[in-house]
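> My questions concern the predicted model and sequence given below.
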Amino acid sequence: MTPDVARAVASIREAGFVVLPDVIPPDHLDEMRRALGPDLDAELYGRNDFEGHRTQRVYSLVARAPIFAALVEHPLMLALCDAFLEPNYLLTASQAINILPGETPQPFHTDDSFYRIARPRAAVSLSFIFALDPFTRENGATQVVPGSHRWADAEIDRLLADVDFETVPSTDRTPRAKGAPPAWFRADVVDVEMPAGAAIAFLGTLVHRGGENRSDRPRLALSNQYCQPWARQQENYCLSIPREQARAMSPCVQELLGYSVHPPFMGHANGLHPRRALDENSGSAVGRPGRR
């Protein structure tokens, strides 16, 4: 473990998060913005209060362009995953998040709350948010609660009771007004301000949210999340990414998507390694049931 990785790991263990400077170089930022242009022009907004009524989300980002697949296997991100997750960990979510002016704060939440394992506990996932635009208090910088990765179930349940996942009609994109953070942790909330190209890494147990965009410009970010090899992924990449596209990705990214086996045999397809499904000669079948 290099000194930089060791310092980042120590910060994550203590506070639940760390800011990583200069992760994406300027020329890559420009390429990423261009690649996202068609999706952002389509004006696909969130469907509920959690996704955001004035927030655009592009899912299965890893498949949108090779540069996003390369980010998934960034050496620093993988080094941090190696420190917090078991071998054979998976990519559980990969998306772009564009918070538009007028968007209200997202509800506070944790990224691995759907894994119903009693807290306090070790995180089941590790999240990264990359700033394609500078993050400021005015444009919706991610807000975190340092130390909340140690909270017990009672505190988290109080938060999740206020999260609204109810889908609203596409014609109703009016942001829902929200008050200040609850008084019992309001003083602990930190706005993670950082320049374009930086990233925040945090445990799936950390309380956080997307902030309110009070500026006159969008705030564009990318989010990649990784989970334990035995946990179900949020995104089903084997369905959302065509097989011919997955076939062109690196072996590392293929494994992160789910074309992998966690010993002794989690993830097999008809008793065979799922990577055989990417074989051009395999057709739609992977093998006969019962074969290894």
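Okay, I see it.

> thinking residue 273 is in contact with residue 261, fair?
Yes. With contact defined as Cβ atoms under 8 Å, residue 273 and residue 261 form a contacting pair (5.6 Å). Every C-beta, even on glycine, is put in place using the N, C-alpha and C of the backbone.

> Which residues are in contact with residue 160?
109, 113 (Cβ atoms under 8 Å, 6 or more residues apart in numbering).

> Same question for residue 64.
Here residue 64 is in contact with 35-36, 39, 58, 96 (Cβ under 8 Å, 6+ apart).

> Just those: which are in strands?
58, 96 (DSSP state E).

> Quick one, which of the contacts of residue 64 are buried?
Taking 16 or more other Cβ atoms under 10 Å as the criterion, what is buried in the contacts of residue 64 is 35-36, 39, 58, 96.

> Which member of these is positioned nearest residue 250?
Closest approach to residue 250 among the buried ones among the contacts of residue 64 (Cβ to Cβ): residue 35, at 17.7 Å.

> List the contacts of the closest one.
Listed by Cβ under 8 Å, 6+ apart, the contact set of residue 35 reads 64-65, 67-68.

> Of those residues, grab the buried ones for PyMOL.
Selecting the buried subset of the contacts of residue 35 in PyMOL, with 16+ other Cβ under 10 Å as the burial test, is done by:
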select buried, resi 64+68
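
> mind giving me a markdown table with the contacts of residue 35 and columns for secondary structure?
As requested, the contacts of residue 35 are arranged in a markdown table below (DSSP: H, G, I helix; E, B strand; the rest coil):
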| residue | secondary structure |
| --- | --- |
| 64 | coil |
| 65 | coil |
| 67 | helix |
| 68 | helix |
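
> export the contacts of residue 35 to JSON lines and tack on distance to residue 255 and pLDDT?
Below are the contacts of residue 35 laid out as JSON lines (distance: Cβ to Cβ, whole Å; pLDDT from 0 to 100):
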{"residue": "64", "distance to residue 255": "19", "pLDDT": "97"}
{"residue": "65", "distance to residue 255": "20", "pLDDT": "97"}
{"residue": "67", "distance to residue 255": "19", "pLDDT": "98"}
{"residue": "68", "distance to residue 255": "17", "pLDDT": "98"}
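
> excluding its backbone neighbours, what's nearest residue 60?
Nearest non-adjacent residue to residue 60, counting by Cβ to Cβ, 6 or more residues apart in numbering: residue 240, 4.3 Å away.

> And for residue 78?
residue 252 (7.9 Å).

> Export the longest helix out of those in the chain to PDB, keeping only CA atoms.
The helix spanning the most residues in the chain, taking DSSP state H as the definition, is helix 26-41. The C-alpha trace of helix 26-41 is given here as PDB (Å, rounded to 0.1, in the frame of the first residue of the first chain):
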ATOM      1  CA  PRO A  26      -8.500  18.200 -17.700                       C
ATOM      2  CA  ASP A  27      -8.500  16.700 -21.100                       C
ATOM      3  CA  HIS A  28     -10.400  13.600 -19.800                       C
ATOM      4  CA  LEU A  29     -13.000  16.000 -18.200                       C
ATOM      5  CA  ASP A  30     -13.600  17.500 -21.600                       C
ATOM      6  CA  GLU A  31     -13.900  14.100 -23.200                       C
ATOM      7  CA  MET A  32     -16.400  12.900 -20.600                       C
ATOM      8  CA  ARG A  33     -18.600  16.000 -21.000                       C
ATOM      9  CA  ARG A  34     -18.700  15.400 -24.800                       C
ATOM     10  CA  ALA A  35     -19.500  11.800 -24.300                       C
ATOM     11  CA  LEU A  36     -22.400  12.700 -22.000                       C
ATOM     12  CA  GLY A  37     -23.800  15.400 -24.300                       C
ATOM     13  CA  PRO A  38     -26.400  13.300 -26.100                       C
ATOM     14  CA  ASP A  39     -27.800  11.800 -22.900                       C
ATOM     15  CA  LEU A  40     -27.900  15.200 -21.200                       C
ATOM     16  CA  ASP A  41     -29.600  16.700 -24.200                       C
END
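
> quick one: that helix to chain centroid distance?
18 Å (Cα atoms, centre = their mean, to the nearest Å).

> looking only at pLDDT, what's the mean for it?
For helix 26-41, mean pLDDT is 96.

> Any buried residues in that helix, and which?
The neighbour-count check on helix 26-41 (16+ other Cβ under 10 Å) flags 29, 31-32, 35-36, 39-40 as buried.
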